[in-house]
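# heads up, no residue letters with this:
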Ligand SMILES: CC[C@@H](C(=O)O)C(=O)SCCNC(=O)CCNC(=O)[C@H](O)C(C)(C)COP(=O)(O)OP(=O)(O)OC[C@H]1O[C@@H](n2cnc3c(N)ncnc32)[C@H](O)[C@@H]1OP(=O)(O)O
């Protein structure tokens, strides 16, 4: 079982909203969690770095399951973020899914087997996605096809979101009987303010590209009728021409400055609160009912 360094209190009964639980866990043992997550196989996270353009592409590769994330993929994403943190020539990053879908959230096969494991998984994802968000690279999520649940959460860990005309995005967590587990509430409030975060998260509304653009969640909509590969090229151009024109040292300094100035509002408390609330609903009756209902969000 997983090692946690607990501060004073022991782990409480899940699914009860108690203020006691909200201050339970501290300092998760991420190595131990990674070892456990690796037991949930499927898919991969693939990274290519182009030293000439300074643009890397990270691909969420699990197309048979609409690029949902297995435990193993969560670990691989963390390892790829390690590599990007060390990339001296880097300027930009595109995060995308394989074969025309961005990401449909957690792999439901993993979710069903990991219903005892929400707090650990959320702690691991918070650590990875905070580091992704804070990379010294200008990051864009290329949203093709569906971006759902945890996938929508992933997209908020990038600096920008570029979407296909036919793309759809929805924070469907409440429909799945849970709250956000991968840090999207904290990031959405900071990105778009309380009102919009509340609208997205409480309605579970699935937005078209036009709607998401109007709401300010999506920064750019790609031209219609491009192939998946052409959309990637168009996204690279959008990123390259707008934001990657200058020397990598300078651009990395600009991004690091922004992260530094922004970290004056430390998100660690808010993320911790977010994962404590998530852990109370994860594995609870509402989630079990949603899983049994085999909901499709298209
Ligand atoms: C743990 C994080 C948590 C969070 O914090 O939010 C989550 O993310 S919970 C997961 C939320 N996501 C879902 O509930 C997705 C459910 N799936 C759908 O809504 C639809 O499948 C789709 C994503 C809209 C795609 O629809 P469509 O294009 O019509 O294709 P299919 O429905 O036929 O899907 C193809 C294939 O892919 C499987 N699939 C899709 N998403 C997942 C997933 N998240 N986990 C596992 N498998 C997934 C789907 O079951 C199909 O498989 P087969 O039936 O075997 O072909």
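It's in. Quick caveat, the model's predicted, so the values are computed rather than measured. Residues are numbered from 1 along each chain as shown.
# for the ligand, what are the nearby residues on the stretch 151-298 of the chain?
Listed as neighbours of the ligand in the stretch 151-298 of the chain under the rule C-beta under 6 Å from any ligand atom: 153, 172, 173, 176, 180, 181, 182, 295, 296, 297, 298. Yep, even glycine has a C-beta here, placed from its N, CA and C like the rest.
# Now, of these, which are buried?
Taking 16 or more other C-beta atoms under 10 Å as the criterion, what is buried in these is 153, 172, 173, 176, 180, 181, 182.
# how close does the third one sit to residue 281?
So that's residue 173. 9 Å (C-beta to C-beta, to the nearest Å).
# hey, what's in contact with both of these two?
By C-beta atoms under 8 Å, 6 or more residues apart in numbering, residue 173 and residue 281 have these common neighbours: residue 179.
# Run through the residues that contact residue 259.
So residue 259 contacts 133, 134, 136 (C-beta under 8 Å, 6+ apart).
# just checking, which of those belong to strands?
With DSSP state E as the criterion, strands contain none of the contacts of residue 259.
# As JSON lines, these with neighbour count, distance to the ligand and pLDDT would be great.
Output for the contacts of residue 259, formatted as JSON lines (neighbours: other C-beta atoms under 10 Å; distance: C-beta to the nearest ligand atom, whole Å; pLDDT from 0 to 100):
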{"residue": "133", "neighbour count": "20", "distance to the ligand": "16", "pLDDT": "97"}
{"residue": "134", "neighbour count": "20", "distance to the ligand": "21", "pLDDT": "96"}
{"residue": "136", "neighbour count": "21", "distance to the ligand": "27", "pLDDT": "97"}
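# List phi and psi for the residue nearest to residue 87 when sequence neighbours are not counted.
For residue 87, ignoring the flanking residues on the chain, the nearest one in space by C-beta to C-beta, 6 or more residues apart in numbering is residue 49 at 6.0 Å. Per-residue torsions, residue 49: phi -120, psi 130 (degrees, to the nearest 10).
# For burial, what's the neighbour tally of residue 49?
Counted with other C-beta atoms under 10 Å, residues neighbouring residue 49 total 17.
# does it really touch residue 91, like I thought?
No: here residue 49 lies out of contact with residue 91, judged by C-beta atoms under 8 Å, at a distance of 10.7 Å.
# quick one, what contacts the residue most central in space within the chain?
Taking C-alpha atoms, centre = their mean as the criterion, residue 154 is the residue nearest the geometric centre of the chain, at 1.7 Å. By C-beta under 8 Å, 6+ apart, residue 154 lies in contact with 60, 95, 102, 103, 129, 141, 182.
# OK, contacts around the third one?
Neighbour list for residue 102: 60, 67, 96, 141-147, 151, 154-155, 167 [criterion: C-beta under 8 Å, 6+ apart].
# for the fourth one, same thing?
For residue 103, the contacting residues are 60, 66, 67, 68, 69, 97, 146, 147, 148, 150, 151, 154, by C-beta under 8 Å, 6+ apart.
# pull the helix or strand with minimum mean pLDDT from this protein.
strand 4-6 (a mean of 39; mean pLDDT, DSSP states H and E).
# Share the number of residues neighbouring the closest residue to residue 204 other than its chain neighbours, please.
For residue 204, ignoring the flanking residues on the chain, the nearest one in space by C-beta to C-beta, 6+ apart is residue 175 at 4.3 Å. For residue 175, the count of nearby residues is 19 (other C-beta under 10 Å).
# quick one: secondary structure of residue 175?
At residue 175 the chain is in helix, as set by DSSP: H, G, I helix; E, B strand; the rest coil.
# from what I can see residue 77 touches residue 131, true?
No: Residue 77 lies out of contact with residue 131 (C-beta under 8 Å); the separation is 9.9 Å.
# So for the two, which sits in the more crowded spot?
Between residue 77 and residue 131, counting by other C-beta under 10 Å, residue 77 is the more crowded of the two (24 against 16).
# Quick check: that one vs residue 235, distance?
19 Å.
# Check residue 79 too.
According to C-beta to C-beta, residue 79 stands 24 Å off from residue 235.
# who's more crowded, the two?
Legend: neighbour count by other C-beta under 10 Å for residue 79 and residue 235, higher for residue 235 (26 against 12).
# So the more buried one belongs to a strand, correct?
No: counting by three-state DSSP, residue 235 is not found in a strand; it is helix.
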